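S.K.: no FASTA, just this:
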């Protein structure tokens, strides 16, 4: 397989997994979230990625989340299921389940905690990417696994040659390193990275790259039209939407993907709750954002960015079709 075997591009949310305040999995809220994404006309969704809190779920829960999301999406956009785990054996089993559940693809980070070498990473991905027949996305997530694959010479090029690998999600905090990834492999595989700003637009129009996979999808009313404008080669329109998006995300997320006011996932779910979106609560070890002053700051950012009104308009237009 290669990049031409999938049509993955544009704006994708990395979906949070909704939990109740007591920590129970809320599949009804998850189904509502998939419908919200459909209303916003997203181009795909990642389930059980970092934002999906896979690390706090049991194996059975991860399978339930994948099945519930796939059933709720009903083929309206691609569903890629995260299968990150500590061993290739665990990831491979989750990949086979995702295939049986009807996923469109699977994704995995390097194994957390163990700091694998380049040879170990190539071996890991060789096993996991061929565990199912699904297209596979390699996920570079230095903040979560303490290994930046972009710093290992030739690794992305070697990974792009694996049979089922069709895409890379490069979430390094080093933007120039992400551009190196684009230059190295974008002719072979799809590259999702940090493009939703004016510098990213210049890269998309002149160098390459395919999309953003954005934690939570709160920015969809700005991110979706940005990528529509990019596809139309409408640079002025894309700049408009990029600026709108940055006015929101730039005040919430640091360049290294940490949260400005809290841990990224609790902060995201707090914003979603302010917007009335079905993000639910977090599960330990994460803690919900409850400090009134922090919530007031987040509410001010939501108001200033105009995202609440934009979300309502997007959902209203979709509902009227």
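M.R.: All right, it came through fine. The structure displayed is predicted, hence computed values, not measured ones.
S.K.: hey, where'd the strands end up in the protein?
M.R.: For the chain, the strands defined by DSSP state E occupy 10-14, 45-47, 79-82, 105-108, 136-140, 165-170, 190-192, 211-215.
S.K.: among the ones you listed, which is nearest residue 4?
M.R.: strand 165-170 (8.6 Å; C-beta to C-beta). From N, CA and C alone the C-beta is placed, and that goes for glycine too.
S.K.: same for that closest one, what does it pack against?
M.R.: Packing partners of strand 165-170 (3 or more C-beta pairs under 8 Å, 6 or more residues apart in numbering; DSSP states H and E): strand 105-108, strand 136-140, helix 155-160, helix 175-185, strand 190-192.
S.K.: redo that, cut-off 6 Å
M.R.: Helices and strands touching strand 165-170, by 3 or more C-beta pairs under 6 Å, 6 or more residues apart in numbering; DSSP states H and E, are strand 136-140, strand 190-192.
S.K.: quick one on the thing from earlier: with mean neighbour count and mean pLDDT as added columns, please give the strands of the chain in JSON lines.
M.R.: Below are those laid out as JSON lines (neighbours: other C-beta atoms under 10 Å; pLDDT from 0 to 100):
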{"stretch": "strand 10-14", "mean neighbour count": "27", "mean pLDDT": "98"}
{"stretch": "strand 45-47", "mean neighbour count": "28", "mean pLDDT": "98"}
{"stretch": "strand 79-82", "mean neighbour count": "29", "mean pLDDT": "98"}
{"stretch": "strand 105-108", "mean neighbour count": "28", "mean pLDDT": "98"}
{"stretch": "strand 136-140", "mean neighbour count": "26", "mean pLDDT": "98"}
{"stretch": "strand 165-170", "mean neighbour count": "27", "mean pLDDT": "98"}
{"stretch": "strand 190-192", "mean neighbour count": "27", "mean pLDDT": "98"}
{"stretch": "strand 211-215", "mean neighbour count": "25", "mean pLDDT": "97"}
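S.K.: out of these, which comes closest to residue 268?
M.R.: The nearest among these, by C-beta to C-beta, is strand 211-215 at 5.8 Å.
S.K.: and residue 235, how far is that from residue 36?
M.R.: Noted for residue 235: a distance of 29 Å to residue 36, by C-beta to C-beta, to the nearest Å.
S.K.: of the two, which one has the most company?
M.R.: residue 36 (24 against 15; other C-beta atoms under 10 Å).
S.K.: chain neighbours aside, what residue packs nearest to that one?
M.R.: residue 277 (6.2 Å; C-beta to C-beta, 6 or more residues apart in numbering).
S.K.: number of residues surrounding the one you found?
M.R.: As a burial measure, residue 277 scores 23 neighbours (other C-beta under 10 Å).
S.K.: again, but for the one 3 residues further on
M.R.: Each residue near residue 280 was counted by other C-beta under 10 Å, and the total is 24.
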